[in-house]
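Enquirer: Below are the sequence and a predicted model; questions follow.
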Amino acid sequence: MIYVIMGVSGCLVWHSTHLCLCSQLGWPLHEGDDFHPRENVEKMARGEPLTDQDRLPWLLKLHDVIQRERSSGGDAIMVCSALRRLYRQLLLFGSEALTYSSDTAGLHMCSLPGVWFLFLYGTYDLIHARMVARRGHFMQPQLLRSQFDVLEPPAEEENALLLDIRRSTDDICREIQEHLRQLS
């Protein structure tokens, strides 16, 4: 099983949620931010939003990580914003998603067995307040609007579990563990 924890930057429960899951499940963690090229990090630190072209190599690296974990039969947690459906398709299917994204065959490329998106969501105001309060992250609070502008919440057929960040981290982790039990 691979869980991709996704949502706009600033869902501070990302950090707590993946730490909770990693400690309780014992699964390895792949933090998406660690795979960004330096140019992307510098761009975001300057307050410039990333383009699809900026994100493509990053998403393809993360696809490789997912494929490696699936091939080994291992379980893992990945943290990645995965804001648009195309980005989620790139995570799942790599560059093939670019071929199919413009035709009707792409409608059938929605999910992969054993890969689930955990969509942490909340209001702009709540997440902005959390971003302003945090320290030491390269993602600037003024970029949050650009993330909400491109956000395409996952559709039902995308193997997604929707998690409201107004809830406590413990509640969210319990729901994820229940979800895992139901899948087993």
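Expert: Everything's here; your move.
Enquirer: Show the low-confidence segments of this structure, by residue range.
Expert: Confidence mapping of the chain against pLDDT under 70 gives the ranges 10, 12-18, 101-109, 133-142.
Enquirer: Run through who's touching the longest helix out of those in it.
Expert: Longest helix in the chain, counting residues (DSSP state H): helix 52-72. Here helix 52-72 makes contact (Cβ atoms under 8 Å, 6 or more residues apart in numbering) with 2, 4, 28, 30, 32, 35-37, 39-40, 43, 75-76, 78, 80, 86-87, 90-95, 112, 114-115. Bear in mind the C-beta positions are built from the backbone N, C-alpha and C, glycine included.
Enquirer: Of these, keep whichever come out buried.
Expert: The neighbour-count criterion (16 or more other Cβ atoms under 10 Å) marks 2, 4, 30, 32, 35-36, 40, 43, 76, 78, 80, 86-87, 90-94, 115 among the contacts of helix 52-72 as buried.
Enquirer: contacting residues around Lys43?
Expert: Leu50, Asp54.
Enquirer: ok, now how distant is it from Leu62?
Expert: 18 Å (Cβ to Cβ, to the nearest Å).
Enquirer: now the helices: where do they sit in this protein?
Expert: Assigned by DSSP H, the helices in the chain fall at 13-25, 38-45, 52-72, 85-93, 96-100, 124-133, 144-150, 169-183.
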